[in-house]
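1. Kindly generate the corresponding structure for this input.
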Amino acid sequence: MSAFALALAALPAAAQETTTPPDAGATTAVAGGDSVTIGAGGVYLNDYEGSNHYVWRIAPGAIGTVGGFSFSVAGNRASVDLIPNKPGPTWDIQAGPIAVVNFNRSSLKSIEDPRVRALGKRSTAIEAGGFVGLGKTGVITSDYDRLSVSVSYRKGVSGAHRAGIWTPTINYFTPLSTKAAVGVFASADYAERGYGKAYFDVDAAQSLASGLPVFTTRKGWKDYSVGALGTIALTGDLLHGFKIVGGGTYTRMLNDFARSPLVSIAGSRNQWIGVVGLAYTF
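-> Numbers count the residues shown, from 1 in each chain. Okay, here's the model as predicted:
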């Protein structure tokens, strides 16, 4: 559900890919106040990681800054920045926990391709870890734009896998006015062997059942993503009231993860996520 979190993060905050920590206090940190945004959106996403079939789903979200501490809850992901943001154009050191509930292939009913269904479902995975990052408010366009870089690590602690995923991220956010804002971002995922085994391998029995060839995935860079997001206030401004949020992410699968039959035969290296929704900022 990353695209929804990214779009929501622009209300009124700087954006951050939700497999990594939120950078949720840019505008409110400059203004020196608290802000909480809640919303829900329609998310256009694939059946499973690597699929070429897409469906619309509804995802909730909340993001904000309270007492200088930023947090994000978006769909299946949550994180908190435990280092308080300082008001005004300044540097911001970020660090805190992150958790993800990974539903990838946990329901066969949601997968259209019969070959992938024949591989069997996976248990829902709980992934937990942390992040560190550095942000700068007041970079190019005004005292309110924001550039940040971060890296996160999360590890499967229950369910389908016990592997770790490293994710470096860079993003930029700027208000266009008191009622509109846009952002761009880029990130990449490095996955350990156990992640590929859980979601991209095909063993001999699965090959016989599905018709897909046997395949073993090595650890390595799994993908990279780029995207954009925006928001327009409908009532009030970016710091208060209702607004429309929207965003999109393009992901390119890499290395063995792209060569897996689930991607190269049954799916696609090119992955898309889109979102449009409604949010309210207190």
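2. Please make it C-alpha for all contacts and neighbour counts, starting now.
-> Noted.
3. got the contact list for residue 209?
-> Neighbour list for residue 209: 115, 118, 119 [criterion: CA atoms under 8 Å, 6 or more residues apart in numbering].
4. Now with 7 Å, please.
-> Counting by CA atoms under 7 Å, 6 or more residues apart in numbering, residue 209 makes contact with residue 118.
5. quick one: it and residue 133, what's the gap?
-> 45 Å (CA to CA, to the nearest Å).
6. same deal with residue 230?
-> As judged by CA to CA, residue 230 and residue 133 stand 23 Å apart.
7. show me where this protein has strands.
-> Per DSSP state E, the chain carries strands over the ranges 35-46, 54-66, 69-74, 77-81, 91-102, 125-137, 146-158, 164-175, 180-191, 220-233, 241-253, 270-281.
8. Run the angle between the longest one and strand 270-281 for me.
-> So the one you mean is strand 220-233. 40 degrees (axes from the mean of the first three to the mean of the last three CA atoms, to 10 degrees).
9. Give me the nearest residue to residue 69, chain neighbours excluded.
-> residue 84 (4.8 Å; CA to CA, 6 or more residues apart in numbering).
10. Give me the helix or strand of this structure that scores worst on average pLDDT.
-> Ranked by mean pLDDT, DSSP states H and E, the weakest helix or strand in the chain is helix 26-31, scoring a mean of 43.
11. Need the per-residue pLDDT for residue 88.
-> pLDDT recorded at residue 88 is 69.
12. I'd like the numbering to begin with 45 instead of 1 from here.
-> Shifting the count to begin at 45 puts that one at residue 132.
13. Please name the nearest non-neighbouring residue to residue 270.
-> In space, residue 270 is closest to residue 230, 4.3 Å off (CA to CA, 6+ apart).
14. ugh, wrong one, I meant residue 206
-> residue 200 (4.1 Å).
15. In contact with the one you found, which residues?
-> Under the criterion of CA under 7 Å, 6+ apart, the neighbours of residue 200 are 169, 170, 171, 172, 206, 207, 208.
16. Of these, which is the most crowded?
-> Ranked by neighbour count (other CA atoms under 10 Å), the contacts of residue 200 have residue 171 at the top, with 23 neighbours.
17. Now it: closest residue in space that isn't a chain neighbour?
-> In space, and not counting its chain neighbours, residue 171 is closest to residue 200: 4.2 Å by CA to CA, 6+ apart.
18. right, and residue 127 touches residue 135 too?
-> No: applying CA atoms under 7 Å as the test, residue 127 and residue 135 come out as separate, 11.9 Å apart.
19. neighbours around residue 267, how many?
-> 21.
20. where in the stretch 95-244 of the chain is pLDDT low?
-> For the stretch 95-244 of the chain, the stretches with pLDDT under 70 are 132.
21. For residue 124, list the residues it contacts.
-> Residue 124 touches 114, 115, 116, 140, 141, 142, counting by CA under 7 Å, 6+ apart.
22. Among residue 127 and residue 135, which residue is more densely surrounded?
-> residue 135 (17 against 14).
23. from the contacts of residue 124, which single one is nearest residue 87?
-> residue 116 (17.3 Å; CA to CA).
24. Let me see the contact set for the residue nearest to residue 195 when sequence neighbours are not counted.
-> Residue nearest to residue 195 in three dimensions, not counting chain neighbours: residue 212, with 4.1 Å by CA to CA, 6+ apart. Residue 212 sits next to 194, 195, 196, 231, 232 when contact means CA under 7 Å, 6+ apart.
25. how many neighbours does the closest residue to the third one other than its chain neighbours have?
-> Nearest non-adjacent residue to residue 196, counting by CA to CA, 6+ apart: residue 175, 4.0 Å away. Summarising burial for residue 175: neighbours were counted as other CA under 10 Å, giving 24.
26. Same check on the one 4 residues further on?
-> For residue 179, the tally of surrounding residues (other CA under 10 Å) stands at 23.
27. now swap in the one 10 residues further on and tell me
-> Counted by other CA under 10 Å, the residues lying close to residue 189 total 25.
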